[in-house]
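Chemist: mind looking at a prediction? Sequence and model below.
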Amino acid sequence: MYAQVGALIFATSLVQLANGFFTTLVSLRLGVEDFNPALEGVVMSAFFVGFTIGSITCGGIIQRIGHIRGYAAFGGIVISATVGMSLMVDALAWALLRAAIGFGCVGLFVATESWLNSKATPALRGKVFSTYMVGTFLALALGQLLVGRLPLEGGAAFDIIVVLFAAALVIVSMTRAEQPIVTKAVTLPYGELLRAAPVAILGAAIAGMISATFYAVVPSWMLANNVPQETIGLVMLSAVLGGLVFQVPVGLLSDRMDRRMLLAALAFGFALAAVVLVFLPRQLSLVLPVAALLGGFMSTLYPVCVSHAMDNMAQEGAVSISGRLILMSGIGSTIGPLTGAWIMGYLDLNGVLYFMAAAAVLLGVVAMLRALGRASAPVVEAPFAVVAPQALHVVPEEAVIPEEAVATGASSDLPATKATY
């Protein structure tokens with residue numbers, strides 16, 4: 001079991017290594033090509049359009065053709081689209097290809113996470129998914145280090161990304177692990193979730209919008225202002241590592257206080273860090289720690305929203321709840337880069353930072369007012385879920401029956417593929 005799980009985790013780490021570098025690379029390359037800011041926003045948002053569509057449809061595809069074939073198909077889409085981007089430089093073509101990459105990536109994550117959920121026994125599931133998420137964060141961080149070591153022009157950087165995606169595809173395709181059994185999950189109407197946890201819905205959308213705006217706009221602005229590639233990589237690395245460091249302490253706090261108050265504190269903390277960056281001298285020794293704080297607050301908004309929603313809903317709807325929140329996050333992630341690029345065209349980076357801060361303040365105010373005006377639901381709280389940046393954490397609309405449940409004839413009531421503590 002350990003070898004099979006290890007192969008899946010290693011393959012996903014390679015995908016995230018490629019993806020972390022790819023996201024920053026595209027943002028920088030758009031600046032090099034001197035595209036219109038509005039078109040840059042379209043290209044960066046396109047990934048999340050594909051990601052959102054995939055989060056709705058990929059589970060059904062995997063259910064029909066199986067995990068291994070599904071992984072191969074989604075990997076083929078990602079590789080083909082990446083090669084396509086290296087062959088042509090056209091904003092609209094890149095937007096379509098980035099949408100295809102977003103669709104393929106979410107398929108890879110759905111296949112991997114549901115597969116891991118099946119392979120891991122209940123006693124080891126927390127350890128397996130904590131290892132999975134740590135590997136994901138570290139891979140995203142290492143991807144930022146590639147930014148300063150590969151040329152932006154030409155196809156060399158795209159070739160490295162293709163090699164990483166292809167290596168992950170080979171590892172999973174050659175695995176001897178049996179595919180999990182998939183069954184239809186409980187469907188939850190949006191209205192029911194909105195009535196039970198409106199803060200979670202608003203928070204998921206704003207968290208996605210903020211995160212996508214940051215990763216799309218900030219690298220592009222730094223390149224346009226002649227910041228060295230190595231420095232850009234360090235700033236983005238600081239944000240990712242800050243997100244990793246924040247996960248455990250925020251998780252502990254999340255299980256000990258009203259999650260809405262914690263969400264408000266995180267949102268206000270993010271807003272403060274964003275405003276500080278506006279007035280902070282552009283010195284690396286000052287910017288890096290603030291970027292780490294910004295990344296820490298930013299990366300923990302979404303998992304707290306997920307846990308809050310789980311607190312207020314029946315456990316059997318866990319998969320559907322996750323799917324609904326992923327969709328809201330995807331919508332926010334699509335809107336963010338479009339709006340951020342438009343604002344940057346008129347108000348420079350400071351306007352974008354104020355935009356993200358204002359969105360965070362809105363979330364913080366709503367969460368705090370809801371916490372002060374309405375008591376928490378009297379239910380057993382769901383454990384905090386560690387979630388990687390860029391709306392990575394995905395759950396198919398189909399529940400996966402773990403192998404131990406198949407052996408005993410029972411079905412699992414914990415189908416969501418979250419790292420829980």
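Modeler: Nice, I can see it. Residues are numbered from 1 along each chain as shown.
Chemist: tally up the residues packed near Ala224, please.
Modeler: 17 (other C-beta atoms under 10 Å). C-beta: built from backbone N, CA, C; applies to glycine.
Chemist: quick check: chain neighbours aside, which residue is closest to it?
Modeler: Leaving aside its chain neighbours, Ala224 sits nearest to Gly31 (5.2 Å; criterion: C-beta to C-beta, 6 or more residues apart in numbering).
Chemist: the one you found belongs to a helix?
Modeler: Yes - assigned with DSSP: H, G, I helix; E, B strand; the rest coil, Gly31 falls within a helix.
Chemist: strands along the stretch 101-250 of the chain, start to end?
Modeler: When assigned using DSSP state E, counting those that start in this stretch, the strands of the stretch 101-250 of the chain occupy the ranges 181-184.
Chemist: pull the contacting residues for the residue nearest to Ala224.
Modeler: By C-beta atoms under 8 Å, 6 or more residues apart in numbering, the residues touching Gly31 are Glu40, Ser220, Leu223, Ala224.
Chemist: that one and Leu325, how far apart?
Modeler: 32 Å (C-beta to C-beta, to the nearest Å).
Chemist: per-residue confidence for Phe137?
Modeler: Looking at Phe137, its pLDDT reads 88.
Chemist: how deep is it tucked in, by neighbour count?
Modeler: Phe137, neighbours per other C-beta under 10 Å, totals 23.
Chemist: you'd agree it is up against Gly242?
Modeler: No - in terms of C-beta atoms under 8 Å, Phe137 does not count as a neighbour of Gly242; the distance is 10.2 Å.
Chemist: and the lowest mean pLDDT element among the helices and strands of this protein?
Modeler: Of the helices and strands making up the chain, the lowest-confidence element is strand 419-420, at a mean of 32, by mean pLDDT, DSSP states H and E.
Chemist: ranges for the strands of the stretch 301-421 of the chain?
Modeler: Remark: strands assigned in the stretch 301-421 of the chain by DSSP E, counting those that start in this stretch are 385-386, 398-401, 419-420.
Chemist: by mean pLDDT, show me the worst of these.
Modeler: strand 419-420 (a mean of 32).
Chemist: show the pLDDT at Val182.
Modeler: Confidence score, pLDDT, at Val182: 63.
Chemist: now do Arg324
Modeler: Listed pLDDT for Arg324 reads 80.
Chemist: touching, it and Glu192? I think so.
Modeler: No - taking contacts as C-beta under 8 Å, Arg324 lies outside contact range of Glu192: 9.6 Å.
Chemist: neighbour count winner among these two?
Modeler: Arg324 (26 against 16).
Chemist: against Ala156, how distant is that one?
Modeler: To Ala156, Arg324 is 41 Å away according to C-beta to C-beta.
Chemist: and what of Ala273?
Modeler: To Ala156, Ala273 is 35 Å away according to C-beta to C-beta.
Chemist: of those two, who's got more company?
Modeler: A count of neighbours by other C-beta under 10 Å puts Ala273 above the other of Ala273 and Ala156, at 25 against 12.
Chemist: helices and strands around the longest helix along the chain, which ones?
Modeler: When the chain is parsed with DSSP state H, its longest helix is helix 318-373. Secondary-structure packing of helix 318-373 (3 or more C-beta pairs under 8 Å, 6 or more residues apart in numbering; DSSP states H and E): helix 37-65, helix 190-196, helix 198-224, helix 259-279, helix 284-311.
Chemist: so for the last one, mean pLDDT?
Modeler: Meaning helix 284-311. Mean pLDDT, computed over helix 284-311, is 92.
Chemist: distance between it and the chain's centre?
Modeler: Taking C-alpha atoms, centre = their mean, to the nearest Å, one finds the center of helix 284-311 at 12 Å from the center of the full chain.
Chemist: residues of it that come out buried?
Modeler: For helix 284-311, burial by neighbour count (16 or more other C-beta atoms under 10 Å) applies to 287-288, 290-311.
Chemist: again, but for the longest one
Modeler: By neighbour count with 16+ other C-beta under 10 Å, helix 37-65 contains the buried residues 37, 39-55, 57-59, 61-63.
Chemist: report the inter-axis angle for it versus helix 318-373.
Modeler: Orientation check (axes from the mean of the first three to the mean of the last three C-alpha atoms, to 10 degrees): helix 37-65 against helix 318-373 gives 130 degrees.
Chemist: which other helices and strands does the next helix or strand after helix 37-65 contact?
Modeler: Next helix or strand after helix 37-65 toward the C-terminus (DSSP states H and E): helix 67-87. Contacts defined by 3+ C-beta pairs under 8 Å, 6+ apart place helix 67-87 against helix 37-65, helix 91-119, helix 156-173.
Chemist: ok and helix 67-87 relative to helix 37-65, angle-wise?
Modeler: Using the same axes, to 10 degrees: helix 67-87 against helix 37-65 is 160 degrees.
Chemist: next one: helix 67-87 to chain centre, how far?
Modeler: Distance of helix 67-87 from the chain centroid (C-alpha atoms, centre = their mean) equals 19 Å.
Chemist: residues contacting it, please?
Modeler: 22, 26, 58, 61-62, 65, 93-94, 97-98, 100-101, 103-105, 107-108, 111-112, 114-115, 155, 158-159, 161-162, 165-166, 168-169, 172-173, 175, 179-180.
Chemist: quick one: Leu152 from Leu146, how far?
Modeler: From Leu152 to Leu146 the distance is 11 Å (C-beta to C-beta).
Chemist: with neighbour numbers in mind, choose between those two.
Modeler: Per other C-beta under 10 Å, whichever of Leu152 and Leu146 has more neighbours is Leu146, with 21 against 15.
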